[in-house]
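A.B. asks: dropping a prediction and its sequence here:
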Amino acid sequence: MEQKKKTGTTYLNPYLGGFCFGLVLLATFVITGRGMGASGAVKSTVVEAVSTVAPAHAEKSAYYSKFLSDNAHPMNTWLVFESIGILAGAFLSGLLFNRLKFKVEHSPKITSKRRLIFALAGGALFGIGSQLAKGCTSGAALSGMAVLSLGGFITMMAIFGTAFVFAWVFKKNWI
Amino acid sequence: MGVIPESWNNVFAVLLGMGFGFVLEGSGFSSSRKIIGTFFGYDFVVLKVFFTAAITAMIGLLYLSHIGWLDFSLLYIHPTYLASAIIGGIVMGMGFAMGGYCPGTSFCGIAIGKIDALLFVAGLFIGVLIFSEAFPLLEKLYNSGNLGHKLVSDSLGISKSLFAFLLTVVAIGMFFGATWLERKVKKVEY
């Protein structure tokens, strides 16, 4: 059931992993009526931070004010708790498979510094894109696909299609 | 969907998140070079895990709806805004190719100690802040092409189950193709 890599690290069989992942997603829909998400927790945190530092600005802004309401703190949302769970679950898996290690992962052809700059820039683009598409690979693409959302399929194809092209543009960074 | 008392919501959120994080990390999604392998052909784990998960959840939902255990029409369907779905996806795709992660996988990377994943998440916060501050400029694009909660099967004029069946066939075809390609492409050590 498990794959042994040359590096000695063990991963789940991808179909078994995908099947379990699908069951978790299914359970989420059955229990909450909605899918999973990841970028939503970042958005809630940004909204909370801005409304704490500059409350007047947040209330006036057309975007932050969408997610601010009198009785609910944006921090106190489902996706934030779910994301805390993601961190805990991934940590447990890393512990179990012996993968816990501080590391900057990059191609031997580039420096750690270059990798970190690209990671920061890539994260910023992903942050912008996820707000525009109203969800990321989890919330829009995967959860959208599970309920046959047209937008979910479109966003999935746009993400993977573009990433395929740009992965080759930045080939040196990876292989 | 009203079955579980409100106060339990956050407990379920943490537990379901843990399941999510565990299978993502266990499948290798905490490594950016493993994830990016899909685009160079040396490791198709993303393609295999992602499509297996989507199809499992999709068939599960259709089945539970068929036997009457849940009402498909009550599920939250991700809304379709044509322009922002495409442009947002393109921007995310560029970020994916540069950063090597998506938000969920970057959380997994942080959990096992990847410094690059930490920087990616810092970037996410900056990106969301930039978008929020620039929202007046982007609002028109954000709201354009609204088709509502549209289903892909309705757009194609076929039933939900037929679509799920066809997607499964396509995915199995892709899995065979990917496994064949993986054997041809030179391995990359990471």
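C.D. replies: Structure's in. What do you need?
A.B. asks: show me the contacts for residue B:180.
C.D. replies: For residue B:180, the contact set (CB atoms under 8 Å, 6 or more residues apart in numbering or on different chains) is empty. The way it works is simple: take the backbone N, C-alpha and C, and place the C-beta from them, glycine included.
A.B. asks: SS state for residue B:29?
C.D. replies: Using DSSP: H, G, I helix; E, B strand; the rest coil, the structure places residue B:29 in coil.
A.B. asks: residue contacts, it?
C.D. replies: Listed by CB under 8 Å, 6+ apart, the contact set of residue B:29 reads B:35, B:45, B:46, B:49, B:104, B:105, B:108.
A.B. asks: what's the spacing between it and residue B:89?
C.D. replies: In this view, residue B:29 and residue B:89 are 19 Å apart by CB to CB, to the nearest Å.
A.B. asks: give me the neighbour count for residue 135.
C.D. replies: I'll assume chain A. For residue A:135, the count of nearby residues is 30 (other CB atoms under 10 Å in any protein chain shown).
A.B. asks: wrong chain, I was asking about chain B
C.D. replies: Using other CB under 10 Å, residue B:135 has 16 other residues around it.
A.B. asks: go on, residue B:113?
C.D. replies: For residue B:113, using other CB under 10 Å, the count is 16.
A.B. asks: state the phi and psi torsions of it.
C.D. replies: Backbone torsions for residue B:113, taken as degrees, to the nearest 10, come to phi 100, psi 20.
A.B. asks: not counting sequence-adjacent ones, nearest residue to it?
C.D. replies: Residue nearest to residue B:113 in three dimensions, not counting chain neighbours: residue A:102, with 4.4 Å by CB to CB, 6 or more residues apart in numbering or on different chains.
A.B. asks: now residue A:22
C.D. replies: With CB to CB, 6+ apart as the criterion, residue A:22 has its nearest non-adjacent residue at 2.5 Å, and that residue is residue B:56.
A.B. asks: which residues sit in contact with residue A:158?
C.D. replies: Counting by CB under 8 Å, 6+ apart, residue A:158 touches A:133, B:85, B:86, B:87, B:88, B:89, B:90, B:92, B:93.
A.B. asks: taking those together, which two end up most distant?
C.D. replies: Maximum pairwise distance in the contacts of residue A:158, criterion CB to CB, is 12.3 Å, between B:85 and B:93.
A.B. asks: settle it for me: which of those two has more neighbours?
C.D. replies: Comparing residue B:85 with residue B:93 by other CB under 10 Å, the one with more neighbours is residue B:85, at 31 against 26.
A.B. asks: which residues does that one contact?
C.D. replies: Residue B:85 is in contact with A:133, A:140, A:151, A:154, A:155, A:158, B:145, counting by CB under 8 Å, 6+ apart.
A.B. asks: do residue B:61 as well
C.D. replies: Contacts were defined as CB under 8 Å, 6+ apart; by that measure residue B:61 touches A:26, A:29, A:146, A:147, B:70, B:72, B:75.
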